[in-house]
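> Any chance you could fold what I've pasted below:
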Amino acid sequence: MKILITGGAGFLGTHLVKYWGSKGHQISVLNTKSKRSTEFASGFNSDVDVTWGSVEDYNTVKNSVKGKDLIVHLAAKVNVDQSVVSPKDYFATNLDGTINILEAARNFGVKVLYESSREVYGDMPVSPVSEETELKPKSPYALSKASADRICYGYHTSYGVEVMILRSCNVYGANQRAGKLGAFIPRLVEQALGGGELTIYGSGNQKREYIHVSDLVRAHDLLINKGEFLGEAINVGTNHYHSVKEIAEKISNRLSAQILNVQSRQGEIPGFVLDSNLIRLMGFVPRIDFWKGLDDYIDYCVSIGR
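Next comes the predicted model:
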């Protein structure tokens, strides 16, 4: 299969590139160029075709999509805090970029697997949360993803574009980095290894459901092979959550760091578990225990001296 992965030189994308490449698929990547993405792409096999460019540019998208069988659309801006500061930037990439992908898919008859987010559900009073739950996004990031999510459905109903929407819980694992606006677990580990305090927002009672990147890759593979591209969403999670405080305490104990509670962020949600029964019925079962996976991630970060 000829697969285009937008955002393929990012954290999840690099894992998918390597996994599907090992399965014999012909992989192309469309990614914005940065120091990090260039470093990730340098580890690809020589047969992976990399185009440096943005999904915001339709001509770039069109040229990348032509001749492909499937688009896995990961490219997105993902930081909640930054979305509050620069909402237009998030809509340009996450919404307008997705429309470009869908337009190209419509014109060339290519299937789309769209990477949505648990954030589209907002703050749910009950848990677990099924795919039929009304979307109530609480941040500009979540709103941009929810809007694109529903436009995917609209392109299927209006134009017959074969699209599937994947709403995953939080992901973690090797090669995930903190950076200035990084994800929670990498940020805490980086703070600890740097001799700093582990900053958590609010009380730390917020709940987070995590899936290991290797399990999420397996879920993607299952969906492109057995899923139906009928414009519907499917949740991918583990059916377990842990408090932010518990996670911080684990990292604190492993790396001898102190925890610092700071003021809650705008757009922060208490947390919930996704109802992942639909993908479970397809045969998906996560393999990596969260605490074991977290230990492995900490060991990985220590080994590379991060």
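> rest of the way, CA atoms for contacts and neighbours
Fine.
> Retrieve the pLDDT associated with residue 127.
Model confidence at residue 127, given as pLDDT, is 85.
> got a list of what it touches?
Contact analysis of residue 127 by C-alpha atoms under 8 Å, 6 or more residues apart in numbering lists 272, 273, 274, 275.
> Tell me how the chain divides into domains.
In terms of domains, the chain is parsed into 2-171+211-236, 174-208+240-272+289-303 (source: automatic domain parsing).
> Output the contacting helices and strands for the top helix by length along the chain.
Using DSSP state H, we find that the single longest helix of the chain is helix 140-159. Contact here means 3 or more C-alpha pairs under 8 Å, 6 or more residues apart in numbering; DSSP states H and E; on that basis helix 140-159 packs against helix 80-85, helix 87-91, helix 97-108, strand 163-168.
> contact partners of that helix?
77-80, 83-84, 87, 90-91, 94-95, 98-99, 102, 106, 114, 116-117, 119-120, 122, 135, 137, 161-165, 230-232.
> ranges for the strands of this structure?
2-6, 26-31, 49-52, 70-73, 111-115, 163-168, 170-172, 198-201, 207-208, 210-212, 233-236, 242-243, 259-262 (DSSP state E).
> same question for the second one, mean pLDDT?
pLDDT averaged over strand 26-31 equals 98, rounded to a whole number.
> just the last one next, same as before
Per-region confidence: strand 259-262 scores 91 on mean pLDDT.
> Run the chain-centre distance for it.
Computed by C-alpha atoms, centre = their mean, to the nearest Å, the chain-centroid distance of strand 259-262 equals 26 Å.
> now what about stretch 169-176, what contacts it?
Here stretch 169-176 makes contact (C-alpha under 8 Å, 6+ apart) with 11, 117-118, 185-186, 208-214, 216, 235-237, 274, 293-294, 297, 300.
> ok, now stretch 68-87?
Outside stretch 68-87, the residues that touch it by C-alpha under 8 Å, 6+ apart are 1-8, 13, 31, 55, 65, 89-90, 93-94, 98, 101, 105, 110-115, 139-142, 181-182, 265-267.
> returning to what we had before: please spell out the ChimeraX selection for the buried subset of the contacts of helix 140-159.
Remark: buried members of the contacts of helix 140-159, expressed as a ChimeraX selection using 16 or more other C-alpha atoms under 10 Å:
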select :77,78,79,80,83,87,90,91,94,95,98,99,102,106,114,116,117,119,120,122,135,137,161,162,163,164,165,230,231,232
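> Rebuild the helices and strands packed on helix 140-159 as a markdown table, extending it with mean pLDDT.
Formatted as a markdown table, these follow (pLDDT from 0 to 100):
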| stretch | mean pLDDT |
| --- | --- |
| helix 80-85 | 91 |
| helix 87-91 | 97 |
| helix 97-108 | 98 |
| strand 163-168 | 98 |
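> among these, which is nearest residue 255?
Taking C-alpha to C-alpha, helix 80-85 is the member of the helices and strands packed on helix 140-159 nearest to residue 255, at 26.6 Å.
> chain center to the closest one: distance?
Relative to its chain's centre, helix 80-85 lies at 17 Å (C-alpha atoms, centre = their mean).
> hang on, the earlier thing: out of the domains of the chain, which is the most enclosed?
Ranked by mean neighbour count, the domains of the chain are led by domain 2-171+211-236 with a mean of 19 (mean count of other C-alpha atoms under 10 Å).
> Please compute how far that one lies from its chain's middle.
That offset, for domain 2-171+211-236, works out to 8 Å (C-alpha atoms, centre = their mean).
> and what of stretch 187-194?
Relative to its chain's centre, stretch 187-194 lies at 21 Å (C-alpha atoms, centre = their mean).
> Quick one: mean pLDDT over that stretch.
According to the model, stretch 187-194 has a mean pLDDT of 94.
> Residues contacting it, please?
So stretch 187-194 is in contact with 177-179, 197-199, 248, 251-252, 255-257, 298, 301-302, 306, going by C-alpha under 8 Å, 6+ apart.
> with these in mind, which one is nearest to residue 220?
Nearest to residue 220 among the contacts of stretch 187-194 is residue 177, at 21.4 Å by C-alpha to C-alpha.
> Present the helices and strands packed on helix 140-159 as JSON lines; the columns should include distance to residue 222.
Formatted as JSON lines, the helices and strands packed on helix 140-159 follow (distance: least, C-alpha to C-alpha, whole Å):
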{"stretch": "helix 80-85", "distance to residue 222": "29"}
{"stretch": "helix 87-91", "distance to residue 222": "29"}
{"stretch": "helix 97-108", "distance to residue 222": "21"}
{"stretch": "strand 163-168", "distance to residue 222": "12"}
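> what residue of this protein is the furthest out?
Residue farthest from the centre of the chain, counting by C-alpha atoms, centre = their mean, is residue 256 at 29.6 Å.
> Alright, I will stop here.
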